[in-house]
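Novice: Model the following, please.
(2 chains)
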Amino acid sequence: MNLHEYQSKRRFDKYNIPVPRGDIASTPEEARQIARELGGSVVVKAQVLVGGRGKAGGVKLAQNADEAEELARQILGMSIKGHIVHKVLIDPAANIVNEIYLGITNDRQTGCAVMMSSSEGGVEIEQVAHENPNAIIREQIGPSLGLRDYQARNIANAINLPREHWAAFTAIAQALYRCYTDSDATLAEINPLVITGDGTLLALDGKMIIDDNALFRQKELAEMRDTSAEPEAERIARKAGLTYVKLPGQIGCMVNGAGLAMTTMDMIKLYGGEGIGPANFLDIGGGAQADRVAAALRIILSDPNVKAILFNIFGGITRGDEVAHGILQALDEVKTDLPMIIRLAGTNSEEGLEIIREANLSNIHSAATLTEGAKKAIAAARGEL
Amino acid sequence: MAILLDRNSRVLVQGITGREGKFHSGQMIEYGTAVVGGVTPGKGGEWVHGKPVFDTVRACVEATEANVSMILVPAPFAGDAIFEAIDSGIKLIVCLTEGIPVRDMMRVYEYLRHSDSRLIGPNCPGLLTPGEAAKVGFMPNYVGKPGHVGVVSKSGTLTYETVAAMSARGLGQTTCVGIGGDPIIGTTFVDVLQMFEDDAETEKVVLMGEIGGRAEVDAAEFIKAKMTKPVVAFIAGSSAPAGTRMGHAGAIIEGGEGTAQEKIAALRSAGVRIAENPEQIPDLLLEGD
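Specialist: Next up is the predicted model:
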């Protein structure tokens, strides 16, 4: 789960990481009010859960409260990569002398947290990693010992941070690590961390990603979820306990198991060529009980791009005949004329397919293999089945 | 021989009284696995499938001489269950639980490195050794068949399908290992490839990976440097968009890294034959003969 910039910075503030003393506005009038209280020039920043706000015109400098109101009017309601701006952050403009990057993430290779820093602040870390990987300094953090002060000094030294800032930098690094750990974050990032004209360090921008698997014990953070940017179908799926990701193609996929679901998408892409692709990733989990299939079917059908649906169910523990009954029962609840290709494999798959054939529904076709299923679904989406 | 699991394995089940724990331990017993007992805190003294239930792993090990633990407890308690198994001297721990917080797994991982226990998973389907009638985990009983192909995979149903298709074509398996789809796991592709390379019974290996991380690239480097046995691979997720988690916690392309394309290229350059479609795996295995 991603946190907004203002949410991340409020969180940082709790750990005594110095952040600008701005506030959040949902209307141009609120923006004016905040800017007037702050006094002087301010930055108006769109709060969206997507990168590249600056380039899209979502971050603007205002000289006074009037300008802040006007810029907020422009930015609020703006669409940035499909994300509508509902809130702007009004921060006092900072006098920036230097920008650095400081972040903590999980390192799969070593199984522990890694603190990363670079003297190239304000640039996305992925871009630095790509263009100048040696510019990124890394320190691994063992979970039982935590971050050692010397590690922060190692980083400060390696990024050529002037010595007078080392003490403040170490304190910020320690605070960021505590914030990351306490929040069950998978990413906590200050970018940029700036040296200001009056010689202090300030976390100008912040980003946090919280481990979805830890939300059960992070109630306060879980409540910060912004669902306005989430497609409705994904929100419904999350509530139904299904994993659904909307994709731009035409063939709805209903599969049990994440690996098999990805593979089903891959086969549609492989045999579909240009212009045909999967409409979604969807894992309905073990078995295929009627209520889950029905919920999944409603979600897939809510996507107007869908021209055909491919079921790919491996009956392992669950038998194919039970799966077939589940699908038919779901189709009884959720009516559709779209062509459906059903591929069952595993235990009692023959019996299952027989049950489907006996139901004698004109829009339902069976397939014996994944390849055949994918090819039939592609033909159906093209109106050629 | 097989790897990891054989007829000498004495399995205890942490979480045996739960719905899933009860069902899958029943399936394991039916398959021929020596399930010797179970553990559920607060349920000691009960019996499941005629096997004694204990309150602690230590008590279960003392009474049953279990040497393998299968963990199927809810995610909030799974990290602690793994620690308990390690501290009770269990040498092989198979954790099936999905959804364990990464922070818990980082602690487990650190502790594990200073112990002599091996962890398979979490978020994995477990192990199957058809020639020794031994199973720990979710793999359906009928899919396997004794033989000489080693299988290692990140996923569940895709593996069952492929193993079942292999068995139907006469391509039996030494051991099938599901290493799991989480970002931090106890046993990697490289660990299992080394075991298959050292196992006299295993002649060929099937590797099934997916997007996210660089475990498949590490596997390719290992294969190039160390492996003499032929490897056939399939990588799922070539159509997946970047930056989106595809079901498994670890299945995400981050910062342009962990794509199926880069993994396939690395494996190809190590001499691994790549199936474009998992249904081609049996053909590729037979072609080599």
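
Novice: who's the most centrally placed residue in chain B bridged to?
Specialist: For chain B, the residue nearest the mean C-alpha position is B:Gly178 (2.5 Å; Cα atoms, centre = their mean). In this entry, B:Gly178 is beta-bridged to B:Gly126, B:Ser153, by DSSP bridges.

Novice: Can you check what pLDDT the model gives it?
Specialist: Model confidence at B:Gly178, given as pLDDT, is 96.

Novice: close enough to count as contact, it and B:Tyr160?
Specialist: No - with contacts defined as Cβ atoms under 8 Å, B:Gly178 does not count as touching B:Tyr160, sitting 9.5 Å away. In this view, the C-beta of every residue, glycine as well, is placed from N, C-alpha and C.

Novice: what do the two both touch?
Specialist: Common contacts of B:Gly178 and B:Tyr160, defined by Cβ atoms under 8 Å, 6 or more residues apart in numbering or on different chains, comprise B:125, B:139.

Novice: so what's residue 232 closest to, chain neighbours aside?
Specialist: Reading this off chain A. Excluding the flanking residues, the one nearest A:Glu232 by Cβ to Cβ, 6 or more residues apart in numbering or on different chains is A:Ser302, at 7.2 Å.

Novice: oops, I was thinking of chain B
Specialist: B:Leu284 (4.6 Å).

Novice: same check, this time on A:His4
Specialist: Per Cβ to Cβ, 6+ apart, closest to A:His4 is A:Gln47, 4.6 Å.

Novice: and that neighbour, backbone torsions?
Specialist: Dihedral pair for A:Gln47: phi -100, psi 90, per degrees, to the nearest 10.

Novice: And for residue 249, the neighbour number?
Specialist: I went with chain A, as the question did not name one. 23 (other Cβ atoms under 10 Å in any protein chain shown).

Novice: nope, chain B
Specialist: Based on other Cβ under 10 Å, the number of other residues close to B:Ala249 is 25.

Novice: same check, this time on the one 3 residues further on
Specialist: Here the neighbour count serves as a burial measure; for B:Ile252 (other Cβ under 10 Å) it reads 20.

Novice: sec struct for it, please.
Specialist: Assigned by DSSP: H, G, I helix; E, B strand; the rest coil, the conformation of B:Ile252 is coil.

Novice: Which pLDDT value does the model give the residue nearest to it when sequence neighbours are not counted?
Specialist: Spatial nearest neighbour of B:Ile252, chain neighbours left out: B:Arg245 (4.5 Å); criterion: Cβ to Cβ, 6+ apart. Per-residue pLDDT puts B:Arg245 at 85.

Novice: check which helix or strand covers B:Arg245.
Specialist: Of the helices and strands defined by DSSP states H and E, none includes B:Arg245.

Novice: hang on, it packs against B:Ala251?
Specialist: Yes - using Cβ under 8 Å, B:Arg245 makes contact with B:Ala251 at a distance of 6.3 Å.

Novice: More neighbours: the two, which one.
Specialist: Per other Cβ under 10 Å, whichever of B:Arg245 and B:Ala251 has more neighbours is B:Ala251, with 28 against 19.

Novice: Provide a list of residues in contact with the more buried one.
Specialist: A:258, A:262, B:181, B:210-212, B:237, B:240, B:245.

Novice: Now go through those and say which are in helices.
Specialist: Here DSSP state H is the test, and the contacts of B:Ala251 give A:258, A:262 as lying in helices.

Novice: want to throw the contacts of B:Ala251 into JSON lines with distance to A:Ile309?
Specialist: As requested, those are exported to JSON lines (distance: Cβ to Cβ, whole Å):
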{"residue": "A:Ala258", "distance to A:Ile309": "19"}
{"residue": "A:Met262", "distance to A:Ile309": "17"}
{"residue": "B:Gly181", "distance to A:Ile309": "25"}
{"residue": "B:Glu210", "distance to A:Ile309": "23"}
{"residue": "B:Ile211", "distance to A:Ile309": "24"}
{"residue": "B:Gly212", "distance to A:Ile309": "27"}
{"residue": "B:Gly237", "distance to A:Ile309": "21"}
{"residue": "B:Ala240", "distance to A:Ile309": "19"}
{"residue": "B:Arg245", "distance to A:Ile309": "23"}
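
Novice: State which one residue of the stretch 51-200 of chain B is found closest to chain A.
Specialist: B:Ser155 (2.4 Å; Cβ to the nearest Cβ).

Novice: Measure how buried that residue is and give me the count.
Specialist: Counted with other Cβ under 10 Å, B:Ser155 comes out at 30.

Novice: So it: helix, strand or coil?
Specialist: coil.

Novice: right, and it touches B:Ile179 too?
Specialist: No - contact between B:Ser155 and B:Ile179 fails when scored by Cβ under 8 Å: they sit 9.6 Å apart.

Novice: ok, which stretches of the stretch 251-385 of chain A are helices?
Specialist: Here the stretch 251-385 of chain A has its helices, by DSSP state H, counting those that start in this stretch, at A:258-272, A:290-301, A:320-333, A:349-359, A:370-381.

Novice: Chain B too?
Specialist: So, for chain B - with DSSP H - the helices run B:19-31, B:57-64, B:75-87, B:102-113, B:157-168, B:189-198, B:215-226, B:260-269, B:281-287.

Novice: Need the winner for burial among these.
Specialist: helix B:157-168 (a mean of 24; mean count of other Cβ atoms under 10 Å in any protein chain shown).

Novice: near chain A, anything from it?
Specialist: Yes - using Cβ under 8 Å from any Cβ of the partner chain, helix B:157-168 reaches chain A at B:157-161, B:164.

Novice: Pull up the gap between B:Tyr31 and chain A, please.
Specialist: Distance, B:Tyr31 to chain A, by Cβ to the nearest Cβ, to the nearest Å: 12 Å.

Novice: Next, the contact list for that residue, please.
Specialist: B:133-135, B:141.

Novice: 10 Å instead, please
Specialist: By Cβ atoms under 10 Å, 6 or more residues apart in numbering or on different chains, the residues touching B:Tyr31 are B:128, B:130, B:133-136, B:139-142, B:144.

Novice: from those residues, which single one is nearest B:Lys226?
Specialist: B:Leu128 (24.8 Å; Cβ to Cβ).

Novice: Tell me how many other residues surround that closest one.
Specialist: With other Cβ under 10 Å as criterion, B:Leu128 counts 30.

Novice: picking up where we left off before, quick one, what contacts the residue nearest to the centre of chain B?
Specialist: Here B:Gly178 is in contact with A:259, B:94, B:96, B:120-121, B:123-128, B:136-139, B:151-156, B:159-160, B:208 (criterion: Cβ under 10 Å, 6+ apart).

Novice: hmm, try it at 7 Å
Specialist: Shown in contact with B:Gly178 (Cβ atoms under 7 Å, 6 or more residues apart in numbering or on different chains): B:124-126, B:137, B:153, B:156, B:159.
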